[in-house]
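give me the fold of what follows.
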Amino acid sequence: MSSIQTSHVLSCSSLPSKRTINATIHVPKLPKIDFSAPKIPTIKHAKELKPKDTTNNVNTQLHVDEQMHSGSTSSNKALIQLYAILEAVVDRVEMHNNIGEQRDNWNTLLLNSINTITLTATTLAGVAATFGGVPAPLFALKLSSALLFSAATGMSLIMNKIQPSQLTEEQRNASRLFRNLQSQIETTIALGNVPSEEDVKGAMEKVLALDKAFPLPLLGVMLEKFPEKFEPAVWWPSTQFQKKNKLPQSQRTDKMNGWSEELEVEMREVIDVVKRKDIEDYDRLGNMALKVNKMLAIAGPLLTGIAATGSLFVENNGSSWAVLVPLIAGSLAAAINSFEHGGQVGMVFEMYRASGGFFKMLETHVESTLEEKDLERRENGELFEMKMALKLGRSVSQLKELASKSASYRMEGVHEIDEFASKLF
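Modelled structure (predicted):
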């Protein structure tokens, strides 16, 4: 493109008609064009331009993708199964809560009914002794008293057999332990770790073990309420403490995994105190509660049976000694039933049984952990110590003091330490 610039100059000369026109044309410079020929590619350049063989890379990537897909499918399956177990555990908690309330109502209603029937029969026997003259009303009173005493005897036998207060305590313990299992599963999911088949298997075994330890039905699988000997409750599977959790390399702080020789000695000393003090004490109390409950369970129906028999021999003469048998036996039976079921002796026995099982579980857990020689397969030592202290209601420093005290007592030849390991029970 060109630009034309024109200027007109008018000259004031003597020739006014003359005009001078100057025109200047400016042409822009054209850009330079490089007409150099392209370079001929050499053999080196040809090799660089040759397409690479991507077959091996594609195969490797496909193999990695297959492994990731396989692992993701397996983890998703385990996670789904863990959620299914969690739903069943939540349902178990609700079931045990509802049935526990129902059986607590049984204890109250049956106790009130039996005592009311017993005292009514006792009153009828006393009235029959003061009723004179007409044989028909006397026979009716005696028969009514005997029937009521017999009904009270049958109801007492059933109530003493099932021990509603003990059943209620079983459901409370089961509900608490199922809630604990629920928290464990929720924690496993919340931590973000990929659940494994071992996690699913372990959770399933714990659910089945709790179902066996605290059965819901009364017929066939109900726990023996009057065993020959006191035995602590066992609600954990036999393989629970055989599972060893090996932490990933990124989560390990040292090769000792938080363990030391001093910590192992401390754990052994603590468990020794648990066995010598806590477990022995609860065994003693459990056997005592068992004996008392057996005596009361036999005495109640026996006294109402004696009162039922004695009421048949009541005469219309108030001075007869025969009237004392139903009156005294009926009154004692009501008092014994009130003490046994109102005082919930069966519940106390179950409480001792559960507490003994708790200490037995601690003993099993510590011993199985210390038997594992590979420290990396144990639970972290510092975490293990903290959990042990919390379960016994102590701080970590208090736990160390207990172990040190036990060791010093042993060195001095004193076999009995003056305190219990647990401050909770």
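
what mean pLDDT does stretch 412-421 get?
Stretch 412-421 carries an average pLDDT of 83.

cool, and stretch 321-330?
Mean predicted lDDT for stretch 321-330 stands at 87.

quick one: distance of that stretch to the chain centre.
Counting by Cα atoms, centre = their mean, to the nearest Å, stretch 321-330 is centred 52 Å from the centre of its parent chain.

what comes up buried for it?
Buried residues in stretch 321-330, counted by 16 or more other Cβ atoms under 10 Å: 323, 325, 326, 327, 329, 330. Where C-beta positions appear, they are placed from N, C-alpha and C, glycine not excepted.

quick one: the last one from residue 129, how far?
Spelled out, it's residue 330. 13 Å (Cβ to Cβ, to the nearest Å).

was I right to think residue 202 contacts residue 240?
Yes - taking contacts as Cβ atoms under 8 Å, residue 202 lies within contact range of residue 240: 7.0 Å.

quick one, which of these two is more surrounded?
Just comparing residue 202 and residue 240: by other Cβ atoms under 10 Å the higher neighbour count belongs to residue 202, 20 against 16.

confirm that one sits in a strand?
No - remark: residue 202 does not belong to a strand; assigned using DSSP: H, G, I helix; E, B strand; the rest coil, it is helix.

hmm, who's touching stretch 109-116?
152, 155, 156, 159, 164, 334, 337, 338, 341, 342 (Cβ atoms under 8 Å, 6 or more residues apart in numbering).

same deal with stretch 360-376?
Around stretch 360-376, the neighbours that count as contacts under Cβ under 8 Å, 6+ apart are 232, 234, 236, 241-242, 244, 246-247, 252, 255-257, 259, 264, 267-268, 270-271, 274-275, 279, 378-379, 381, 384, 388, 391-392.

what mean pLDDT does it get?
pLDDT averaged over stretch 360-376 gives 91.

buried residues in that stretch?
Buried, per 16+ other Cβ under 10 Å, within stretch 360-376: 360, 361, 362, 363, 364, 365, 366, 369, 375.

state the distance from the second one to residue 368.
Meaning residue 361. For residue 361, the distance to residue 368 equals 11 Å [Cβ to Cβ].

again with the first one
According to Cβ to Cβ, residue 360 and residue 368 sit 12 Å apart.

who are the packing partners of the helix or strand residue 324 falls within?
Assigned by DSSP states H and E, residue 324 belongs to helix 324-337. Helix 324-337 is packed against helix 55-130, helix 135-162, helix 280-311, with contacts defined by 3 or more Cβ pairs under 8 Å, 6 or more residues apart in numbering; DSSP states H and E.

who touches it?
Residues outside helix 324-337 that contact it (Cβ under 8 Å, 6+ apart) are 111, 114-115, 118-119, 121-122, 125-126, 145, 149, 152, 156, 296, 299-300, 303-304, 306-311, 313-314.

next, the angle helix 280-311 makes with it.
150 degrees (axes from the mean of the first three to the mean of the last three Cα atoms, to 10 degrees).

off-centre distance for the helix or strand following helix 324-337?
Using DSSP H and E, the helix or strand that follows helix 324-337 in sequence is helix 345-371. Centre-to-centre, helix 345-371 and its host chain are 15 Å apart (Cα atoms, centre = their mean).

with stretch 153-162 instead?
33 Å.

same deal with stretch 86-94?
Worked out by Cα atoms, centre = their mean, stretch 86-94 lies 11 Å from the chain centre.

buried stuff in that stretch?
86, 89, 92, 93.

can you put these in JSON lines and add pLDDT?
Putting the buried residues of stretch 86-94 into JSON lines (pLDDT from 0 to 100) gives the following:
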{"residue": "86", "pLDDT": "94"}
{"residue": "89", "pLDDT": "96"}
{"residue": "92", "pLDDT": "96"}
{"residue": "93", "pLDDT": "96"}
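
okay, now the unreliable bits of the protein?
Per-residue confidence for the chain (pLDDT under 70) gives these ranges: 1-75, 131-134, 242-254, 316-320.

repeat the analysis, applying 80 as the threshold.
Filtered on pLDDT under 80, the chain yields the residue ranges 1-75, 129-136, 192-194, 239-255, 315-322, 413-416, 425.

what about residue 164, neighbour count?
Look at residue 164: counted by other Cβ under 10 Å, it has 24 neighbours.

same deal with residue 149?
Count around residue 149 with other Cβ under 10 Å applied: 31.

do the same with residue 221
Close neighbours of residue 221, defined as other Cβ under 10 Å, add up to 10.

which stretch among the helices and strands packed on helix 324-337 comes nearest residue 193?
Proximity of the helices and strands packed on helix 324-337 to residue 193 was assessed by Cβ to Cβ; the nearest stretch is helix 55-130, lying at 9.8 Å.

ok, residue 154 - contacts?
By Cβ under 8 Å, 6+ apart, residue 154 lies in contact with nothing.

how close does residue 338 sit to residue 109?
On the measure of Cβ to Cβ, residue 338 and residue 109 end up 14 Å apart.

higher neighbour count, these two?
residue 338 (16 against 11).
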